[in-house]
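J.: sequence plus predicted model, see below.
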Amino acid sequence: MKLKLPITIKPGLVNIPGRGPKARESAESLLDQDRWKHHCFFNTKGFHNHLSHHLLAAYDLGAPASVLRAIYDTESPAQQPIDCGGDDTLDITPDNLREYVGQERYYHAFLTFFTEQIKELGVSETLERYIFSTTVNVKGFEMLSRFMSGAYHPWIQTGYGAEFGSDAMVAQGLAQAAIHSPMTPELLVDFAAPDAAEGLLSTSTRAEKGNLSEGKPLLHILRDVYDSEILKPVMPYDPDALLNERREALMKHGRPDEIRRLCATWWSGMSPQEEAAEIEQKIEELFWVTTLLLSGSGKRGRKPRLDFFLMHTMNATLFIPSLLKIIPSDASKVKLVKAFLPVTVVFILLRGRPRIDPGLAMSYNEAPRPPNVSAPTLRPGRSVIGDPNQSYNPWFNILTSVIHAPDAHTLKAIRALCYAAQHYGDKKAGDIPGCFMDEAREKETLPGIAEVDGTLFVRAAGVVMDTLGWVTHGDEPGKWDFSGLGWEEAWNNED
């Protein structure tokens with residue numbers, strides 16, 4: 001019998017009450033079944049198995065054992081077997097690892113390998129050796145770039161393992177990274193250099209950065225992305241273009257250098273320790289920006305449309321705090337976050353460079369309700385404090401409904417937004433990092449950005465539920481948008 005790691009899990013970041021010991025036992029058992037029965041792709045096109053994500057998102061939001069079992073029974077028949085044409089007798093070792101990367105038929109062998117490595121070395125040392133070390137980031141190996149590939153899915157899988165204390169899931173995430181192709185390795189080339197703590201910065205960019213006293217806020221960099229002539233969307237618009245085709249067309253004509261240049265300006269410190277001290281602020285910036293990209297990139301007067309890939313940038317942001325906790329060195333923590341931004345910029349460009357409209361995002365209801373559910377009319381007793389009819393908390397309806405949503409992405413998006421609301425929901429308008437260009441706070445970075453406050457996250461959660469469906473209240477499941485909202489031609493169709 002092959003070596004296994006403990007199947008136990010701990011509570012997640014959002015940690016909604018409601019689940020009991022039966023739910024935990026069910027989650028652990030179902031996750032282990034998925035781990036050793038199913039491949040990380042559910043078809044031959046490389047579409048990702050989201051079963052474990054779905055189970056843990058529902059578990060963290062308070063789903064009982066019966067719902068977890070229903071999720072497994074619904075999704076497991078569509079999965080591929082873990083071997084699916086591969087060689088389950090192959091013995092991957094540290095010496096031959098490089099020979100087999102990028103080949104999905106060796107997923108099972110990689111899972112066995114990383115399980116053994118984690119058992120021997122622990123999670124942190126395994127990450128250092130096989131994701132962050134210079135040895136595994138030379139041309140042709142590029143493990144960090146593979147970790148960032150697949151619309152963040154290896155990152156997300158590993159992030160779930162870090163968040164829920166599951167070394168076994170970390171092994172799954174690393175195995176998944178190993179079989180992916182590198183994601184835009186030209187943006188991460190410097191990670192193989194001896195001074196790789198400087199991450200994405202080319203020699204010329206380092207010299208330019210040396211003149212800065214502090215890094216730019218992320219909203220300022222987003223404005224630079226919008227204003228860059230080099231980063232204009234690839235034309236003509238092709239609604240049927242595959243993501244890989246769009247990426248290949250994008251990474252030409254000076255765009256990689258421009259992306260590296262702009263992303264480098266996010267950082268200021270001259271040492272990994274100094275830069276690591278900036279990370280907490282950068283996580284907050286990412287939550288604001290990725291939420292605005294999801295909920296504020298539509299058009300006023302049109303039906304809301306939520307981009308599938310921009311949603312992933314927000315969902316992936318949720319895992320940064322957990323991943324940082326299992327990465328021991330400041331240099332590697334900085335590498336992780338430095339790798340995230342250029343990939344996010346690439347996805348913005350792959351979606352046609354949609355511009356955030358903060359007013360649109362703030363126009364959505366800050367007290368969303370399920371369809372056909374009016375405000376309750378309670379008849380409180382004489383001793384009541386306050387008016388319970390004016391004390392509506394929309395999160396209760398959202399969370400109890402979303403655990404029954406059929407699409408794992410819907411739960412994952414709501415969970416990320418709930419976490420953001422827990423941490424940043426009390427922010428006043430004008431307090432978002434970087435919302436002004438000047439110290440006098442007179443020039444907005446983007447039109448209307450100074451009006452955005454902490455209600456953004458519940459407003460975004462409401463539009464997610466309205467768009468994807470309050471299925472517990474009779475809605476049919478909705479759909480994410482794949483059109484590429486930044487291209488004007490993507491809006492030619494009727495809503």
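T.: Right, received. Where do you want to start?
J.: going forward, measure contacts between C-alpha atoms and count neighbours the same way
T.: Fine.
J.: for the residue most central in space within the chain, give me the pLDDT.
T.: The centroid of the chain falls nearest to A316 when counting by C-alpha atoms, centre = their mean (1.3 Å). A316 carries a pLDDT value of 98.
J.: quick one: it from C418, how far?
T.: 14 Å (C-alpha to C-alpha, to the nearest Å).
J.: one more: I356?
T.: 21 Å.
J.: just to revisit the earlier point, looking at this, the residue nearest to the centre of the chain is in a helix?
T.: Yes. Counting by DSSP: H, G, I helix; E, B strand; the rest coil, A316 is located in a helix.
J.: okay, now G62: neighbour count?
T.: 21 (other C-alpha atoms under 10 Å).
J.: residues touching A57, list them.
T.: Taking C-alpha atoms under 8 Å, 6 or more residues apart in numbering as the contact definition, A57 lies against A408, L411, K412, R415.
J.: list the contacts for the second one?
T.: Taking C-alpha under 8 Å, 6+ apart as the contact definition, L411 lies against H54, A57, A58, V402, I403, A405.
J.: is the last one in a helix, a strand, or coil?
T.: In this case it means A405. From three-state DSSP, the assignment for A405 is coil.
J.: now the residue nearest to the centre of the chain. Nearest residue, chain neighbours left out?
T.: Nearest non-adjacent residue to A316, counting by C-alpha to C-alpha, 6 or more residues apart in numbering: I156, 5.9 Å away.
J.: what's the local residue count around that neighbour?
T.: Quick note: I156 (other C-alpha under 10 Å) scores 24 neighbours.
J.: wait, is it part of a helix?
T.: Yes. Looking at I156 with three-state DSSP, it is inside a helix.
J.: my guess is it meets I320, correct?
T.: No. With contacts counted by C-alpha atoms under 8 Å, I156 stays clear of I320, the gap being 9.3 Å.
J.: in this structure the residue nearest to the centre of the chain contacts Y152, no?
T.: Yes. Counting by C-alpha under 8 Å, A316 touches Y152, with 6.5 Å between them.
J.: the stretch 51-200 of the chain: helices as residue ranges?
T.: 51-60, 65-75, 97-100, 107-121, 123-127, 143-147, 153-163, 167-179 (DSSP state H, counting those that start in this stretch).
J.: now tabulate those in a markdown table and tack on distance to G386 and mean pLDDT.
T.: Shown next, in a markdown table, are those (distance: least, C-alpha to C-alpha, whole Å; pLDDT from 0 to 100):
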| stretch | distance to G386 | mean pLDDT |
| --- | --- | --- |
| helix 51-60 | 31 | 98 |
| helix 65-75 | 36 | 97 |
| helix 97-100 | 64 | 96 |
| helix 107-121 | 54 | 96 |
| helix 123-127 | 50 | 98 |
| helix 143-147 | 51 | 96 |
| helix 153-163 | 38 | 98 |
| helix 167-179 | 46 | 98 |
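J.: which one of these lies closest to A339?
T.: helix 143-147 (8.1 Å; C-alpha to C-alpha).
J.: quick revisit: most neighbours of all the contacts of A57, which one?
T.: Going by other C-alpha under 10 Å, L411 tops the contacts of A57 with 29 neighbours.
J.: what's the average pLDDT for the helix or strand in which it is found?
T.: Take DSSP states H and E as the rule and L411 turns out to sit in helix 408-424. Across helix 408-424, pLDDT averages out at 98.
J.: next structured bit after it?
T.: Counting by DSSP H and E, what follows helix 408-424 is helix 456-468.
J.: helices or strands up against that following helix?
T.: Applying 3 or more C-alpha pairs under 8 Å, 6 or more residues apart in numbering; DSSP states H and E, we find helix 456-468 packed against helix 279-295, helix 358-363, helix 394-402, helix 408-424.
J.: run the chain-centre distance for that helix.
T.: In terms of C-alpha atoms, centre = their mean, to the nearest Å, the centre of helix 456-468 is set 17 Å apart from its chain centre.
J.: can you check stretch 164-172 too?
T.: So, by C-alpha atoms, centre = their mean, the centroid of stretch 164-172 is 17 Å from its chain's centroid.
J.: hmm, who's touching it?
T.: Against stretch 164-172 from outside (C-alpha under 8 Å, 6+ apart): 4-12, 35, 111, 114-115, 118, 123, 157-162.
J.: ok, 7 Å please
T.: With contact meaning C-alpha atoms under 7 Å, 6 or more residues apart in numbering, stretch 164-172 is reached by 5-12, 111, 114-115, 123, 157-158, 161-162.
J.: returning to that earlier point: of I356 and C418, who's got more company?
T.: The residue with more neighbours, out of I356 and C418, is I356; 27 against 22, by other C-alpha under 10 Å.
J.: tell me the secondary structure at the more buried one.
T.: I356 is classified as coil under three-state DSSP.
J.: what about P185, neighbour count?
T.: 21.
J.: now it: how far from M143?
T.: P185 is 10 Å from M143, by C-alpha to C-alpha.
J.: burial of the closest residue to I403 other than its chain neighbours, as a residue count?
T.: Excluding its sequence neighbours, the residue lying closest to I403 (C-alpha to C-alpha, 6+ apart) is A58, at 5.3 Å. Residues lying near A58 (other C-alpha under 10 Å) number 29.
J.: I'd say A58 and A405 touch.
T.: No. Using C-alpha atoms under 7 Å, A58 is not in contact with A405; the gap is 9.5 Å.
J.: which one is Q157 nearest to, not counting chain neighbours?
T.: G173 (4.7 Å).
J.: look up how far P154 lies from that neighbour.
T.: Relative to P154, and taking C-alpha to C-alpha, G173 is found at 5 Å.
J.: ok, now A405?
T.: 23 Å.
J.: looking at those two, which is more packed in?
T.: P154 (26 against 20).
J.: contacting residues for that one?
T.: Taking C-alpha under 7 Å, 6+ apart, one finds F147, M148, G173, L174, Q176, A177 in contact with P154.
J.: circling back: any chance of JSON lines for the helices and strands packed on helix 456-468, columns distance to V464?
T.: Formatted as JSON lines, those follow (distance: least, C-alpha to C-alpha, whole Å):
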{"stretch": "helix 279-295", "distance to V464": "8"}
{"stretch": "helix 358-363", "distance to V464": "12"}
{"stretch": "helix 394-402", "distance to V464": "10"}
{"stretch": "helix 408-424", "distance to V464": "7"}
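J.: which one of those lies closest to G448?
T.: Nearest of these (C-alpha to C-alpha): helix 358-363, 5.5 Å.
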